[in-house]
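Q: Generate coordinates for the sequence data below:
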Amino acid sequence: MLLVLVLASFFHVQVVVLAVVVIIIAMPLQQHFSAIRLVGLFTLLLVPAVLGLVVGYRNENYNILKDLYYFSLPVLFILCGIVLACRVEIDEFIRTMVLAGIITSVMVAAVSIYFVGLSALIDPYSAHYAIGIVGTPAPPLALALLLLSRKFNITLYSRNWFNIFTAVNLFGVYMFASRTYLVITCCFVFLLLADKLKKLWIAPALFLCFFLFSIIPADAFKVDSSSTFMAKIISSFSEISINEYKTEQDINIRYRGYESFMALRGYLSGTTPEWIFGGLGKLIDLKVFIRLGKDTEFQYIPVLHNGWLYILVKTGLTGVLVYLLVFFGLIITNWKNYISAGSKPIIRFFSAISIGCILSLLFTNYVVSAFFSVEMSIIMITLGYSYLNFRSLVYKVKQQEAHHTQAVPV
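A: Presented below is the predicted three-dimensional model:
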């Protein structure tokens, strides 16, 4: 079922993804309620949505329901991962995810070559842009699982098969030609090296610098052409940064930045309760009609590419703070075990996976609203799976230590 979910997310078939998730959660399980109860920490993410509903109850019901749907997605996907941790053995889960990465890597290569020809192998972005390839972050996630398992001496494959599967998933990351997936890959590559740093503050400092660098306006990175993937990467900074918008061309070239600009402007023009709690169902007024579909123009939009501004507009400062506290709290908890040479390798492995998933979501939420995207469902499911296994393993170690302490004669 996990493979079906990944393939459905590849084609962005939301109904199938949600149906599989609900089936996984609802299937009978020993101590079912206890497993579901472990999602408790993440239900805090729903509290700002409820408060935003109280403030925005006068907005249209359809828009309110749509926002409730989006804010329930991260909790639903993480819960799915937690339930999977109770059903699926660790080696089986990793093998399934690696297989999912291989299948989607082959699929994206086959689709690109079919529509564009062999030239897609040299310039995969041209195929991505020409035919609008959809996707899933399964290849970068599978690549991370392979490399981190090797780092912590968790052997699942022979050396030859490990090298082949790593190469195929790396090829998949290349063929998707996605800046988002490149960011995800970089987050996990960072964790391959971070524990080698001697000073505990260096890695968090580097992470903070990277985060600040990713959000500052960067007009110095403008380029004249976006026909190549590298040019697109460089232009990412100017695309999403907030600038002056004097002409329609400025808006079209930097639509995501304009969208964010109008969202922030709308937020700042709100009342004090809206600043603090937002308002579910609130629409962002673009002030002009912009073509966002084949034959449709919009002036008011319900969602944003910038997930952090979406949280800010809909749930106010409360929502942003809750999201940051929950996920940075998890990073701190997992980081201590990740850098500890005394921790068991399997615990360090799940710590690294959890941190990598969280960093991936925090960064990509800035450009593709990752927390509210079915495309990113597999990242959140893996986070839930790692979260429960990490907690379970740490609890078992503490129980063993306590039992050993009691067994030692005084």
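
Q: Neighbours of the spatially closest residue to residue 66 that is not a sequence neighbour, how many?
A: Spatial nearest neighbour of residue 66, excluding adjacent residues (Cβ to Cβ, 6 or more residues apart in numbering): residue 302 at 5.8 Å. Quick note: C-beta positions are derived from backbone N, CA and C, even for glycine. Counted with other Cβ atoms under 10 Å, residues neighbouring residue 302 total 17.

Q: Kindly report the same for residue 76.
A: Residue 76, neighbours per other Cβ under 10 Å, totals 19.

Q: Now for it: which residues touch it?
A: By Cβ atoms under 8 Å, 6 or more residues apart in numbering, residue 76 lies in contact with 18, 21, 25.

Q: So, low pLDDT: which residues of the stretch 101-250 of the chain?
A: For the stretch 101-250 of the chain, applying pLDDT under 70 flags the ranges 129-133, 197-250.

Q: just to revisit the earlier point, now the residue nearest to residue 66. Its backbone dihedrals?
A: phi -90, psi -20 (degrees, to the nearest 10).

Q: In contact with it: list those residues for me.
A: Neighbouring residues of residue 302 by Cβ under 8 Å, 6+ apart: 63, 66-67, 283-284.

Q: most surrounded residue in these?
A: Compared across the contacts of residue 302, residue 67 has the highest neighbour count, 27 neighbours, by other Cβ under 10 Å.

Q: How far off centre is the lengthiest helix in the chain?
A: If you go by DSSP state H, the chain has its longest helix at helix 307-339. With Cα atoms, centre = their mean, to the nearest Å as the basis, helix 307-339 stands 13 Å off its chain's centre.

Q: Stretch 36-50 now?
A: 18 Å.

Q: quick revisit: looking at the contacts of residue 76, which are in helices?
A: The helices in this structure, assigned by DSSP H, contain 18, 21, 25 from the contacts of residue 76.

Q: number of nearby residues for the second one?
A: Counted by other Cβ under 10 Å, the residues lying close to residue 21 total 24.

Q: Apart from its chain neighbours, what residue comes closest to it?
A: Spatial nearest neighbour of residue 21, excluding adjacent residues (Cβ to Cβ, 6+ apart): residue 80 at 4.6 Å.

Q: which residues does the one you found contact?
A: With contact taken as Cβ under 8 Å, 6+ apart, residue 80 is in contact with 21, 24-25, 381, 384.

Q: if we go to 6 Å?
A: 21, 24-25, 381 (Cβ atoms under 6 Å, 6 or more residues apart in numbering).

Q: ok, and the most centrally placed residue in the chain, which helix or strand is that part of?
A: Nearest to the mean C-alpha position of the chain, by Cα atoms, centre = their mean, lies residue 361 at 3.0 Å. In this assignment (DSSP states H and E), residue 361 forms part of helix 345-368.

Q: Repeat that for residue 96.
A: In this assignment (DSSP H and E), residue 96 forms part of helix 90-116.

Q: Now that helix: buried residues?
A: Buried residues in helix 90-116, defined by neighbour count with 16 or more other Cβ atoms under 10 Å: 90, 93-105, 107-109, 111-113, 116.

Q: ditto for stretch 291-302
A: For stretch 291-302, a neighbour-count test (16+ other Cβ under 10 Å) marks residue 302 as buried.

Q: gap between the two ends of it?
A: With Cα to Cα, to the nearest Å as the measure, stretch 291-302 spans 15 Å from end to end.

Q: sec struct for residue 281, please.
A: coil (DSSP: H, G, I helix; E, B strand; the rest coil).

Q: Then the one 5 residues further on?
A: The assignment at residue 286 comes out as strand when based on three-state DSSP.

Q: how near is it to residue 254?
A: Using Cβ to Cβ, to the nearest Å, residue 286 is found at 13 Å from residue 254.

Q: circling back: for the helix holding residue 361, which helices and strands make contact with it?
A: Applying 3 or more Cβ pairs under 6 Å, 6 or more residues apart in numbering; DSSP states H and E, one finds that helix 345-368 contacts helix 138-151, helix 179-193, helix 307-339, helix 377-407.

Q: name the helices or strands packed onto the last one?
A: The criterion is 3+ Cβ pairs under 6 Å, 6+ apart, and the helices and strands that helix 377-407 contacts are helix 61-87, helix 345-368.

Q: Which among those is found nearest to residue 157?
A: Proximity to residue 157, assessed across the helices and strands packed on helix 377-407 by Cβ to Cβ, is greatest for helix 345-368 (15.2 Å).

Q: now that closest one against helix 179-193, angle please.
A: Counting by axes from the mean of the first three to the mean of the last three Cα atoms, to 10 degrees, helix 345-368 points 150 degrees away from the direction of helix 179-193.

Q: from the chain's centre, how far out does helix 345-368 sit?
A: Here helix 345-368 is found 8 Å from its chain centre; the criterion is Cα atoms, centre = their mean.

Q: mean confidence for it?
A: For helix 345-368, the mean pLDDT works out to 94.
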